[in-house]
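>>> Fold the following, please.
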Amino acid sequence: MIDRGVRDTNRALHWRGNGRVKLLEGGRTSKGMSRRAKTVSAVGATLLAVSLSCATQPGDWLGRRVPQTQHGAAAMDYQAREYDKLIPPADAAQVPCRIDPHIWDAFVPADNKMTVERVALGKKLFFDKRLSKDGTVSCATCHDVTRAFTDQRPTSEGIGDKLGRRNAPTTMNAVLLQTMFLDGRSPTLDHQATLPIINPIEMGFPDGESAARAIAGDVEYQQMFKKAYGREVNYEDIGRAIGAFERTMVFLDSPFRRYLEGDPKAISADAKEGWRLFNEKARCVSCHHMSLSNPLGTDNRFHNIGVSARHQDFEELARRGLKALQEDPSERRLEELALNTDMSELGRFMATKNRSDIGAFRTSMLLNVGITPPYMHDGTVTTLWDVMDHYNKGGEANLFLDGGMEPLALTEKEIDQVVAFLFTLTDLRFAEENQRQMRLQRAQALKSRPLRDDQTANRKKLAFEDRIRK
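This is a model prediction of the structure:
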């Protein structure tokens, strides 16, 4: 076992003879479609199902003793080697398995086409702790290869051992999301990659120029930036290169995907029943769309599901948030408020200032969800059983609760079956870690289910009754 230390289409799809999928709209091919139309539909990315020949084998890093850094992440050189085992070095310009070339092209920015040089530069930057003010934090500190590209902690630790208010989402398949961060405050992967560098409690540089100067004297970097972008070391290209590297983190080959592709033995009977419940009684599909054409399991929209309502006064927080942004509307200030204050709980509202977005966070990806605990934007939900308990009782009552949240009346067996289904969404390269997490989470669920409320789940008690009694 690894030493853990101290610490989410409206178009029709038709098959081509070569086993790939051609994107069609209104009976015509996608040839004349706009880049934006190909990219973002109401249900997100349209991906393709191809033959199982591109499947990879599970990694072999599990079970090893992992050397660690100051903040508990695996050592950077160790992570880099393990990454190469999960995704062997190859032509970075190639389209990843299971993604339609037209769709992939639409997700890659025109000014940052995938090249071997850009991916190599991004990889070096991703694992480089010099991009933090005190030289202790890299991108991989919070997006650890050995922990499913997250840190498996409630909230993440930055420079000076400072803890943020947000759970670190995995970077796996982030290339296929429509907005970045849990509140969607960043529009692109390349832009997102720059913001932790200047966040005061993450990597801590006062500005991008300071970060660029920290590595500009490195001769190897000087050569790599010239080869990748034809320019000197600069902050914007740091983001572009890291974004290019993160676009290689595509993990779609799950047992459930194989089941949808026609293998009836790929998942268990309980998982199959969980899939039925997912689409029916449990109502998960309302926000977590799952199919071959949209495998991420997210609608890419923002919802208040009541997690923060357990301990926050949204109205007062919103007033404070608006005042703070009026005093300083800068991107850096937004970054600070989003991670370092109670206003983090306002979610999407801090980016849009729309009342309907108070307490709303992007629907999380379900792909690989079994290996990325803990859950929710603040990491306060420990297991997938706890997640189901939260939804089963209809979330936490608050003025801004999403209208789709309501008690589900799921039985204990039905919860077990939905959880069994959720664990089939993990890429086969992480099969062993998936089994380990299933055992750990089941054991924890047998000990404690803090969010379980059968009275509310079965409408024998109304959600607001406890508050009235207070």
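>>> give the contact list for Cys284.
Going by Cβ atoms under 8 Å, 6 or more residues apart in numbering, Cys284 touches Phe278, Tyr391, Val418. C-beta coordinates here come from the backbone N, C-alpha and C atoms, glycine included.
>>> That should have said Val418, apologies.
With contact taken as Cβ under 8 Å, 6+ apart, Val418 is in contact with Gly274, Leu277, Phe278, Ala282, Cys284, Met388, Leu410.
>>> how about the nearest residue to it, chain neighbours excluded?
Leaving aside its sequence neighbours, Val418 sits nearest to Gly274 (Cβ to Cβ, 6 or more residues apart in numbering; 4.4 Å).
>>> host element of the one you found?
helix 269-279 (DSSP states H and E).
>>> Point out where the stretch 351-470 of the chain drops to low pLDDT.
The stretch 351-470 of the chain contains residues with pLDDT under 70 at 463-470.
>>> let's see it at 80
Counting by pLDDT under 80, the stretch 351-470 of the chain contains low-confidence residues at 462-470.
>>> Now do the same for the residue nearest to Val418: its pLDDT.
Model confidence at Gly274, expressed as pLDDT, equals 98.
>>> again with Thr69
As predicted, Thr69 sits at a pLDDT of 88.
>>> Please apply the same query to the one 4 residues further on.
The model reports Ala73 with a pLDDT of 94.
>>> which ones are touching Asp453?
Asp389, Asn392, Lys393, Lys461.
>>> The second one: neighbour count?
Read that as Asn392. Neighbour count of Asn392, defined by other Cβ atoms under 10 Å: 25.
>>> Would you check how far apart the residue nearest to it when sequence neighbours are not counted and Val419 are?
With sequence-adjacent residues excluded and distances taken as Cβ to Cβ, 6+ apart, Asn392 is closest to Ala457, at 4.4 Å. Per Cβ to Cβ, to the nearest Å, Ala457 is found 15 Å from Val419.
>>> just Glu412 next, same as before
11 Å.
>>> again, but for Leu346
Noted for Leu346: a distance of 30 Å to Val419, by Cβ to Cβ.
>>> Which one's more surrounded, those two?
The neighbour count for Leu346 versus Val419, taken as other Cβ under 10 Å, is higher for Leu346 (28 against 22).
>>> right, and the more buried one touches Gly321 too?
Yes - between Leu346 and Gly321 there is a contact under Cβ atoms under 8 Å: 5.3 Å.
>>> wait, what's in contact with Val307?
By Cβ under 8 Å, 6+ apart, the contact list for Val307 reads Phe361, Met376, His377, Asp378, Thr380, Val381, His390, Gly395, Glu396.
>>> Show me which of those are buried.
Among the contacts of Val307, those scoring as buried are Phe361, Met376, His377, Asp378, Thr380, Val381, His390, Gly395, Glu396 (criterion: 16 or more other Cβ atoms under 10 Å).
>>> a helix runs through the third one, doesn't it?
By that I understand His377. No - counting by DSSP: H, G, I helix; E, B strand; the rest coil, His377 falls outside a helix, being coil.
>>> I'd guessed it sits against Leu182; true?
Yes - proximity of His377 to Leu182 meets the contact threshold set by Cβ under 8 Å, at 4.8 Å.
>>> And Arg258, how close does it get to His377?
31 Å.
>>> related to what we said a few turns ago, residues contacting the helix holding Gly274, please?
Contacts with helix 269-279, where a contact means Cβ under 8 Å, 6+ apart, come from 255-256, 259, 267, 284-285, 288, 290, 410, 414, 416-424.
>>> May I have the phi/psi pair for the residue nearest to Asn392?
In terms of degrees, to the nearest 10, the main-chain angles of Ala457 are phi -60, psi -30.
>>> could you measure it against Lys447, distance?
20 Å.
>>> same thing with Glu157?
Separation of Glu157 from Lys447 (Cβ to Cβ): 26 Å.
>>> Give me the more crowded residue out of the two.
For the pair Glu157 and Lys447, the greater number of neighbours falls to Glu157 (24 against 7), based on other Cβ under 10 Å.
>>> Quick check: phi and psi on that one?
Residue torsions, per degrees, to the nearest 10, at Glu157 are phi -110, psi 130.
>>> which residues pair with it across the strands?
Beta-bridge partners for Glu157, by DSSP bridges, are Leu163.
>>> ok now do it, which residues does it touch?
Arg7, His71, Gly72, Thr141, Cys142, Asp151, Leu163, Gly164.
>>> ok, the fifth one touching Ala168?
Yes - counting by Cβ under 8 Å, Cys142 touches Ala168, with 4.3 Å between them.
>>> Need the overlap of contacts for these two.
Thr150, Asp151, Ser156.
>>> quick check, nearest of the residues you listed to Arg439?
Thr150 (19.1 Å; Cβ to Cβ).
>>> Count the neighbours of the closest one for me.
Around Thr150 there are 22 residues (other Cβ under 10 Å).
>>> pLDDT value on it, please?
With respect to pLDDT, Thr150 has a value of 96.
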